[in-house]
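# Okay, sequence plus prediction incoming.
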Amino acid sequence: DSGVTQTPKHLITATGQRVTLRCSPRSGDLSVYWYQQSLDQGLQFLIHYYNGEERAKGNILERFSAQQFPDLHSELNLSSLELGDSALYFCASSAGGGPPGDTQYFGPGTRLTVL
Amino acid sequence: SQQGEEDPQALSIQEGENATMNCSYKTSINNLQWYRQNSGRGLVHLILIRSNEREKHSGRLRVTLDTSKKSSSLLITASRAADTASYFCALGSYNTDKLIFGTGTRLQVFP
């Protein structure tokens, strides 16, 4: 158990809908990262927050947004969902401000299925 | 692409054999990490090797790094069925603000 929790574990929804994925980092970790993993794209970095502020952005679509709250938990919002958004979404956390030196601890993931 | 390329894509071995997987990259790095992912689960950090290190050990794991060839290898000795998983390298660099993951090697260890 990494100490990172993600809810829900599974999410099934329809195209055009909006969903929110939630992540609680390990106790004491200030950084939260979001990744998308699909069969054809591999593990793609989406966004990184450090202590409430956006630190880095990756291949995150405009339909997606995220935030980190004062208690350090984070939410990833996905809107106008498309079939291609079906994937595993991982949250990870680390103690410091981010790469390259930080070890990232991954949550169990949320499996999103868009029908 | 900055992504690490892993080789082989898939590897099947018997318990007790050694497994070697390789990661090649194109950018300059400050460190390289290896992660394991059991099917459908989150990634687990295995080991980090810095750019000024050539070899590092952790239990049955041995990692080498050759920055002149821009490549790293992960050796798992005396493999077990429980080592069955996908293994990813991840590149860390002060030039980028993100960890860049490789394409992964799927390892299957048969009892």
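Happy to help now that I have it. Since the structure is predicted, the reported quantities are computational estimates derived from the model, not experimental observations.

# For the residue of chain B found nearest chain A, which non-adjacent residue is closest in space?
Nearest residue of chain B to chain A: residue B:92, at 2.8 Å (C-beta to the nearest C-beta). Where you see a C-beta, it was placed from the backbone N, CA and C, and this is true even at glycine. Counting by C-beta to C-beta, 6 or more residues apart in numbering or on different chains, residue B:92 lies nearest to residue A:100, which is 2.8 Å off, once chain neighbours are set aside.

# List the contacts of the residue nearest the centre of chain A.
Geometric centre of chain A, nearest residue: residue A:34, 2.9 Å, by C-alpha atoms, centre = their mean. Counting by C-beta atoms under 8 Å, 6 or more residues apart in numbering or on different chains, residue A:34 makes contact with A:23, A:45-48, A:60, A:66, A:74, A:76, A:89-92.

# quick one, phi psi at residue A:84?
Per-residue torsions, residue A:84: phi -70, psi -10 (degrees, to the nearest 10).

# tell me which parts of chain A are close to chain B?
By C-beta under 8 Å from any C-beta of the partner chain, the residues of chain A that approach chain B are A:2, A:4, A:33, A:42-43, A:45, A:48, A:55-56, A:58, A:88, A:90, A:92, A:98-101, A:103-109, A:111.

# which of these count as buried?
With neighbours counted by 16 or more other C-beta atoms under 10 Å in any protein chain shown, the residues of chain A next to chain B contain buried members at A:2, A:4, A:33, A:43, A:45, A:48, A:55-56, A:58, A:88, A:90, A:92, A:98-100, A:103-109, A:111.

# which sections of chain B are below the confidence cut-off?
Counting by pLDDT under 70, chain B has low-confidence residues at B:1-2.

# near chain A, which residues of it show up?
B:3, B:29-31, B:33, B:35, B:40-45, B:48, B:88, B:92-94, B:96-101, B:103-104.

# Residue A:13: neighbour count?
16 (other C-beta atoms under 10 Å in any protein chain shown).

# actually residue A:49, not the one I wrote
Residues lying near residue A:49 (other C-beta under 10 Å) number 24.
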